[in-house]
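# Predicted coordinates and the sequence they were generated for:
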Amino acid sequence: MDTQKIPATVITGFLGAGKTTLIRNMLATANGRRIALIINEFGDLGVDGDVLKGCGEETCTEDDIVELTNGCICCTVADDFVPTMTKLLERENRPDHIVIETSGLALPQPLVNAFNWPDIREKVTVDGVVTVVDSRAVADGRFADDVDKVNAQRAEDEALDHESPLEELFEDQLTCADMIVFNKADLVDGDILERIQGEVGNRISRSVKLIKSSHGSLPADVLLGLSSASETDIQNRKSHHEMEHDAFHEEHGDDAEHEHDHDEFESFVVDTGSISDPKAFVDSLKPVIEAHDVLRLKGFVDVADKPMRLVVQAVGNRIEHYFDREWADGEARSTRLVVIGLDGLDQSQISSGIKSLAG
């Protein structure tokens, strides 16, 4: 093992596409592979990491899970990712495979390029970049590349009433992919799914595997073992920012400064009390989410008189909730939810609205 490169899989995709669920299913079908996870959580509460730590898979223990919580991994490669990778590679019991779940806001290109760093490239290779797509969102035209289509929707959707960075981010995640997973396929008619697969495939000049899934139910053998060596092909996967960067320096010279204007999102945590009725709580969350244009909400809820912890995950007003495990001995029972949206969220109103639902 010491003379071979460890394969690493980068799993990227927009907020709420289903990356964490995909990874849980992958761990359940790992067939003895020892997998290390690097999770780039967005927000102050490590929900994804905690969900995965509770999955109880022998192939991925708590010691094999590392969370990077200092912001999007594409902006903290040198400070966070490279030192984390170095520590993993220095372990006596090295993993068989490394899986990196990026934040939904991260550009995958800088991360893939980091595998060309001298301390990493001799020991690790990018087995593949897997981009998870929310089929329902794409079917609804949320990331339409057709300008006329975008303009037609602006009258109905306030989120499109400006130059949205989300469309560029979506395209960058597709551009970098070796495999695109059309998740939530069960929410889309077959003809529509075939159409959006064709539209997405036409945006990419390279050969990319397109597959569909429901509830992230793909086995490890499908996701791992792509042998793409993606870091050696980074020049064919440039992001919008990189292309703009190249054009800027062509016009202004190599010494001119060009900033990466990336952070147009914000997140905050709402702490509140226990609830008595999970269904009523979830139903009441929907109008709060809709009223404030919340992109993503996720976290854990304390349900009174229930021994288990309730997980709540929302993409827009589509909300999933389930009990994942019992509260541990000595663990403080609490309700903590991460709220994510574009800059300008009314944190006070959203917090008050959620806290009013407790009880």
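Received the coordinates, thanks.
# and Asp119, what helix or strand is that in?
Using DSSP states H and E, Asp119 maps to helix 118-121.
# Quick one: residues in contact with that helix.
Outside of helix 118-121, the residues within contact range by CB atoms under 8 Å, 6 or more residues apart in numbering are Val82, Met85, Thr86, Leu89, Ala114, Phe115, Glu231. Every C-beta, even on glycine, is put in place using the N, C-alpha and C of the backbone.
# Against Leu224, how distant is the fourth one?
So that's Leu89. Per CB to CB, to the nearest Å, Leu89 is found 18 Å from Leu224.
# which one of these two has more residues nearby?
For Leu89 versus Leu224, the count of surrounding residues by other CB atoms under 10 Å is larger for Leu224: 23 against 17.
# if I pick the more buried one, what's in contact with it?
By CB under 8 Å, 6+ apart, the residues touching Leu224 are Pro7, Thr9, Met26, Arg33, His97, Asp127, Gly128.
# mind checking how far the fourth one is from Thr125?
Taking CB to CB as the criterion, Arg33 is separated from Thr125 by 16 Å.
# ok, now the third one?
If you measure Met26 against Thr125 using CB to CB, the figure is 19 Å.
# if you count what's nearby, which of the two comes out ahead?
The neighbour comparison of Met26 against Thr125 (other CB under 10 Å) goes to Met26, with 28 against 20.
# If I follow the layout properly, that one ends up in contact with Ala220?
Yes - proximity of Met26 to Ala220 meets the contact threshold set by CB atoms under 8 Å, at 4.7 Å.
# Need the three-state assignment for the spatially most central residue of the chain.
Geometric centre of the chain, nearest residue: Gly104, 3.6 Å, by CA atoms, centre = their mean. The three-state label given to Gly104 by DSSP: H, G, I helix; E, B strand; the rest coil is coil.
# I figured it hits Thr20, correct?
No - under the contact definition of CB under 8 Å, Gly104 does not touch Thr20, with a separation of 10.5 Å.
# about what we covered before: how about the helix holding Asp119: buried residues?
Residues of helix 118-121 classed as buried: Ile120 (neighbour count, 16 or more other CB atoms under 10 Å).
# May I have the strands that pair with the next helix-or-strand element following that helix, each with its orientation?
Toward the C-terminus, helix 118-121 is succeeded by strand 124-134 as the next helix or strand (DSSP H and E). Based on DSSP bridges, the strands next to strand 124-134 in the sheet, each with its direction, are strand 6-13 (parallel), strand 179-183 (parallel).
# helices or strands next to the following helix or strand past strand 124-134 in the packing?
Heading C-terminal from strand 124-134, the first helix or strand you meet, by DSSP H and E, is helix 135-139. Using 3 or more CB pairs under 8 Å, 6 or more residues apart in numbering; DSSP states H and E, the elements in contact with helix 135-139 are strand 179-183, helix 190-202.
# how about the strands in the stretch 151-300 of the chain?
All strands of the stretch 151-300 of the chain, identified by DSSP state E, counting those that start in this stretch, fall at 179-183, 209-212, 265-272, 296-302.
# Below-threshold pLDDT in the stretch 151-300 of the chain: ranges please.
Applying pLDDT under 70 to the stretch 151-300 of the chain flags residues 151-166, 240-265.
# the helices in it, which residues?
With DSSP state H, counting those that start in this stretch, the ranges of helices along the stretch 151-300 of the chain come out as 165-175, 190-202, 220-223, 240-252, 278-291.
# and Gly141, which of the helices and strands packed on helix 135-139 is closest to it?
Gly141 sits nearest to helix 190-202 of all those, at 9.5 Å, using CB to CB.
# Skipping its backbone neighbours, what lies nearest Gly16 in space?
Val315 (3.1 Å; CB to CB, 6 or more residues apart in numbering).
# Check Arg203 too.
Nearest non-adjacent residue to Arg203 (CB to CB, 6+ apart): Leu174, at 5.8 Å.
# next one: Ser227
In space, and not counting its chain neighbours, Ser227 is closest to Asp127: 6.3 Å by CB to CB, 6+ apart.
# didn't that neighbour look like it was pressed against Ile100?
No - between Asp127 and Ile100 there is no contact, the gap being 10.7 Å when judged by CB under 8 Å.
# shared neighbours of the two, anything?
With contacts defined as CB under 8 Å, 6+ apart, the residues shared by Asp127 and Ile100 are Ala8, Thr9.
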